[in-house]
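**Student:** Next comes the sequence, and after it the predicted model I'd like to discuss.
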Amino acid sequence: MDTIPKTISAHIDNIYNYTPSDDGDRAVYARTLCFKDKANGCRAVEQCLGFATTDAVPLEYGCQDGVMVFADVPQSRYNCAGLGLNCIDSENGWCADSKVPCDNDTYVDNCVDDIPHFCNIDYILTTPRCSDFGLTCQTREEYPRVNCVGAGPECNVYPPTTGGVDYRSGIACENTTTLRTCMGGREHLLDCSTLGVGFSCIDGTPPYCGFAAECDPFDPVHYKYPASTCEGDSVVICNAGRMEKIDCKSLGFKRCNPESGFCTEL
């Protein structure tokens with residue numbers, strides 16, 4: 001799966017601004033609304049995402065009845081079948097919609113019906129349809145060889161995208177509601193209201209779509225996100241540029257762990 005920084009603010013920023021190339025990550029993001037009315041702590045993660053940890057004897061790494069057992073954390077399981085996906089039993093197993101094999105050395109990345117197709121660890125991976133985001137699927141010489149791109153002048157993408165749709169390369173605010181951003185090496189005008197209710201264009205570094213400028217949701221130079229902190233039993237996070245405090249107990253947890261900045265049941 002795509003590497004997602006493990007901070008609360010990072011996950012929030014990714015949900016707003018990044019549609020992953022990975023089927024598993026997209027399936028997880030699509031289920032975040034499930035948490036809206038949950039107040040049962042870690043149980044909600046199992047119910048909404050199909051992800052759970054256990055103290056039981058570790059299972060052998062790989063796919064078992066549609067469940068991926070991670071090699072690096074053998075006590076962790078990812079319920080691919082529960083997400084409506086196939087469990088791909090390969091070197092770096094993951095959940096995917098396709099089980100069409102390919103050769104990483106010979107497969108030529110391409111566009112089919114405006115959908116990027118590329119070979120990832122012996123299986124064809126498809127990303128979201130570019131036209132659904134007002135973009136166009138294009139192939140090119142440099143990595144990534146296929147991507148969704150804007151229709152404007154050439155620009156520099158930062159951070160480099162890997163086939164998903166990533167709005168974090170903001171260039172400037174065209175007006176209070178429109179962000180000019182770099183998509184696949186070309187400029188694109190983004191209506192901030194499509195990312196979040198109440199969003200406007202915030203003139204930060206870089207500019208972004210969000211609520212406010214109380215905190216920087218993403219530092220593109222150092223590829224960092226603000227760390228969450230604790231105030232008593234509440235966790236303090238950066239939500240699209242706005243500082244917010246959430247009572248961990250209201251979500252079914254016991255407290256906020258000051259060492260991790262996470263809510264915990266321990």
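**Tutor:** Looks like it came in fine. Numbering: from 1, shown residues only.
**Student:** Now for this protein: which helix has the highest residue count?
**Tutor:** Determined from DSSP state H, the single longest helix within the chain is helix 8-17.
**Student:** Give me the distance from that one to the chain's centre.
**Tutor:** Offset of helix 8-17 from its chain centre (C-alpha atoms, centre = their mean, to the nearest Å): 7 Å.
**Student:** Please name the strands paired to the helix or strand that comes right after it in the sheet, noting orientation.
**Tutor:** Counting by DSSP states H and E, the element after helix 8-17 in chain order, helix or strand, is strand 18-19. Strand 18-19 has the following strand partners under DSSP bridges: strand 165-166 (antiparallel).
**Student:** same question for the longest helix of the chain, mean pLDDT?
**Tutor:** Averaging pLDDT along helix 8-17 gives 88.
**Student:** Output that helix as PDB, nothing but the C-alphas.
**Tutor:** Extracted in PDB, the C-alpha atoms of helix 8-17 (Å, rounded to 0.1, in the frame of the first residue of the first chain):
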ATOM      1  CA  ILE A   8      -3.600  11.900  12.900                       C
ATOM      2  CA  SER A   9      -3.100  15.200  11.000                       C
ATOM      3  CA  ALA A  10      -1.400  13.300   8.200                       C
ATOM      4  CA  HIS A  11      -4.300  10.900   7.700                       C
ATOM      5  CA  ILE A  12      -6.800  13.800   7.800                       C
ATOM      6  CA  ASP A  13      -4.800  15.700   5.200                       C
ATOM      7  CA  ASN A  14      -4.500  12.700   3.000                       C
ATOM      8  CA  ILE A  15      -8.300  12.100   3.100                       C
ATOM      9  CA  TYR A  16      -8.900  15.600   1.900                       C
ATOM     10  CA  ASN A  17      -6.200  16.000  -0.600                       C
END
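**Student:** Quick one: list the elements packing against that helix.
**Tutor:** strand 208-210, strand 234-239 (3 or more C-beta pairs under 8 Å, 6 or more residues apart in numbering; DSSP states H and E). The way it works is simple: take the backbone N, C-alpha and C, and place the C-beta from them, glycine included.
**Student:** deepest of those strands, which one?
**Tutor:** strand 208-210 (a mean of 29; mean count of other C-beta atoms under 10 Å).
**Student:** Each with direction, which strands does it pair with?
**Tutor:** In its sheet, and by DSSP bridges, strand 208-210 pairs with strand 200-202 (antiparallel).
**Student:** Now do the strand it pairs with: distance to the chain's middle.
**Tutor:** Computed by C-alpha atoms, centre = their mean, the chain-centroid distance of strand 200-202 equals 21 Å.
**Student:** go on, stretch 242-259?
**Tutor:** Centroid separation between stretch 242-259 and its chain, computed with C-alpha atoms, centre = their mean, is 22 Å.
**Student:** Outside of that stretch itself, which residues are in contact with it?
**Tutor:** 38-44, 210-212, 214-215, 229-238, 262-266 (C-beta atoms under 8 Å, 6 or more residues apart in numbering).
**Student:** One more pass at 7 Å, please.
**Tutor:** Contact with stretch 242-259 is made by 39-41, 44, 211-212, 214-215, 230-231, 233-237, 263-266, as judged by C-beta atoms under 7 Å, 6 or more residues apart in numbering.
**Student:** Which residue lies closest in space to Ala212, excluding its sequence neighbours?
**Tutor:** Arg242 (4.2 Å; C-beta to C-beta, 6 or more residues apart in numbering).
**Student:** Tell me where the stretch 51-200 of the chain is predicted with low confidence.
**Tutor:** 51-59, 71-76, 91-93, 142-144, 159-163 (pLDDT under 70).
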